[in-house]
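>>> Pasting the sequence and the predicted model now:
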Amino acid sequence: MPELSVNKNALKLMKDLCDEAERYGVIARETGLGTCIVDAGIEARGGFLAGKIVTEICLGGLGEATINPARIGSLELPSISVSTDHPAVSTLGSQLAGWQVKVGDYSAVGSGPARALALKPKSIYAKIGYRDESDVAILVLETSKQPPKEALGYISESCHVSPDKLFLILVPTTSLTGFTQISGRIAETGIHKIVDLGFDPRLIMHAWGCAPILPIHPDHVEAMGRTNDAILYGGVAYYTVSYEDDRALKDLVDRSVSSASEQYGRPFAEIYTEADFDFYKIDPSIFAPAVMTVNNVRTGRTFTAGRINADVLTRSIAR
């Protein structure tokens, strides 16, 4: 059976986003090169619906997202839930924000199906044993600026497609679309964490996660802080795996939540500011879900670690 194509699957959603641009609150346009660019929050209004479909596009059309209510302490907030039965490919192979796009003075973080054509980064695709084959490429860029012509050429060339077969979605972190689709990365965050700790991603059978969508903030640092806090202090991830060693699995789960970090317990904007805005000075173990639950289908055992921290979330949105 041929492997699923994340780009071809996501193309159906991409076409819906463009065809129903007004409903989603986005602006779709075509460049002189024929590239389709969708503004999902720079000049466009965007919103929950845009964030939901962008999340599903990032998952390569292999997952579903829903917007739900969430109660965290005394807070009543919207949240996003995601689920996938193709966790390694849809999250690590597509959704992961793993492509640093930099051309001249332009830079943006790329995520979504096009990564599986450009193999950004190659190490991830070696771990999951996947690469896509498609004549179309779809990339989501976390950015507040329109990409120049040179960036379009670089991306299409990296993906081995012509510019008129390239689709880009632009999502600023400070927008509601941005807040929604970043919280929609909750399942991917947990998978990325356990894989970093040595777990084989191909042993993960199913994945589900939910995270609150915190109130947006116009300042980039504060917005980035809140989007991280939503996952680090409010995100819940659940996985089913097939693994031979329950003791090792329990230890892995215990180390795979944000509270395992020495820097846990403060809003991320504070941590980032004290690190002189340098991610490399931040303990990488903080980048994990607040809660993780793993069900081992081989033994029937289930392991849970972490907790929702309503206090830090309240402090985060009060900054």
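Great, that's in hand.

>>> low pLDDT regions in the chain?
1-2 (pLDDT under 70).

>>> could you pull out the helices for it?
6-19, 21-24, 48-58, 87, 115-118, 122-128, 149-159, 176-183, 186-196, 220-232, 246-254, 268-274, 310-318 (DSSP state H).

>>> could the ones you listed be laid out in CSV, adding mean neighbour count and distance to residue 109?
Any C-beta I mention is one placed from the backbone N, CA and C, and that applies to glycine too. Converted to CSV, the helices of the chain look like this (neighbours: other CB atoms under 10 Å; distance: least, CB to CB, whole Å):
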stretch, mean neighbour count, distance to residue 109
helix 6-19, 20, 18
helix 21-24, 16, 22
helix 48-58, 26, 12
helix 87, 29, 21
helix 115-118, 27, 11
helix 122-128, 15, 15
helix 149-159, 19, 13
helix 176-183, 29, 11
helix 186-196, 25, 14
helix 220-232, 24, 11
helix 246-254, 16, 27
helix 268-274, 18, 15
helix 310-318, 17, 21
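
>>> Can you say which of those helices is nearest to residue 135?
Each of the helices of the chain has some distance to residue 135 by CB to CB; the shortest is helix 6-19, at 8.6 Å.

>>> picking that back up, take the helices of the chain and write them to JSON lines, including distance to residue 100.
Formatted as JSON lines, those follow (distance: least, CB to CB, whole Å):
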{"stretch": "helix 6-19", "distance to residue 100": "20"}
{"stretch": "helix 21-24", "distance to residue 100": "27"}
{"stretch": "helix 48-58", "distance to residue 100": "16"}
{"stretch": "helix 87", "distance to residue 100": "24"}
{"stretch": "helix 115-118", "distance to residue 100": "11"}
{"stretch": "helix 122-128", "distance to residue 100": "14"}
{"stretch": "helix 149-159", "distance to residue 100": "12"}
{"stretch": "helix 176-183", "distance to residue 100": "17"}
{"stretch": "helix 186-196", "distance to residue 100": "16"}
{"stretch": "helix 220-232", "distance to residue 100": "16"}
{"stretch": "helix 246-254", "distance to residue 100": "28"}
{"stretch": "helix 268-274", "distance to residue 100": "18"}
{"stretch": "helix 310-318", "distance to residue 100": "26"}
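
>>> out of these, nearest to residue 67?
Of all these, the one in closest proximity to residue 67, counting by CB to CB, is helix 48-58 (5.2 Å).

>>> Please tell me how far the residue nearest the centre of the chain sits from residue 74.
Closest residue to the average C-alpha location of the chain: residue 185 at 3.3 Å, with CA atoms, centre = their mean. In this view, residue 185 and residue 74 are 26 Å apart by CB to CB, to the nearest Å.

>>> do residue 125 as well
Counting by CB to CB, the gap from residue 125 to residue 74 is 44 Å.

>>> Could you do residue 37 as well?
Distance, residue 37 to residue 74, by CB to CB: 41 Å.

>>> got it, and residue 42?
Per CB to CB, residue 42 is found 34 Å from residue 74.

>>> Look at these two and report which has more neighbours.
Each of residue 42 and residue 74 had its neighbours counted (other CB atoms under 10 Å), and the higher figure belongs to residue 42 (17 against 7).

>>> quick one, phi psi at that one?
Reported as degrees, to the nearest 10, the phi and psi values for residue 42 are phi -80, psi -70.

>>> Hmm, it is touching residue 172, no?
Yes. Between residue 42 and residue 172 there is a contact at 5.6 Å, judged by CB atoms under 8 Å.

>>> Mutual contacts of these two, please.
Both residue 42 and residue 172 are in contact with 143-144, where contact means CB atoms under 8 Å, 6 or more residues apart in numbering.

>>> hmm, back to that, shouldn't the residue nearest to the centre of the chain be in contact with residue 231?
Yes. Shown here, residue 185 and residue 231 form a contact pair, counting by CB under 8 Å, at 7.0 Å.

>>> Might you report the residue contacts of residue 312?
229, 233, 265-267.

>>> What residues are bridge-paired with the closest residue to residue 259 other than its chain neighbours?
Excluding the flanking residues, the one nearest residue 259 by CB to CB, 6 or more residues apart in numbering is residue 306, at 5.4 Å. Residue 306 has the following beta-bridge partners by DSSP bridges: residue 291.

>>> that older thread, what count of nearby residues applies to the nearest residue to the residue nearest to the centre of the chain once chain neighbours are set aside?
Nearest residue to residue 185, sequence neighbours excluded (CB to CB, 6+ apart): residue 95, at 6.2 Å. The number of residues packed near residue 95 is 33, by other CB under 10 Å.
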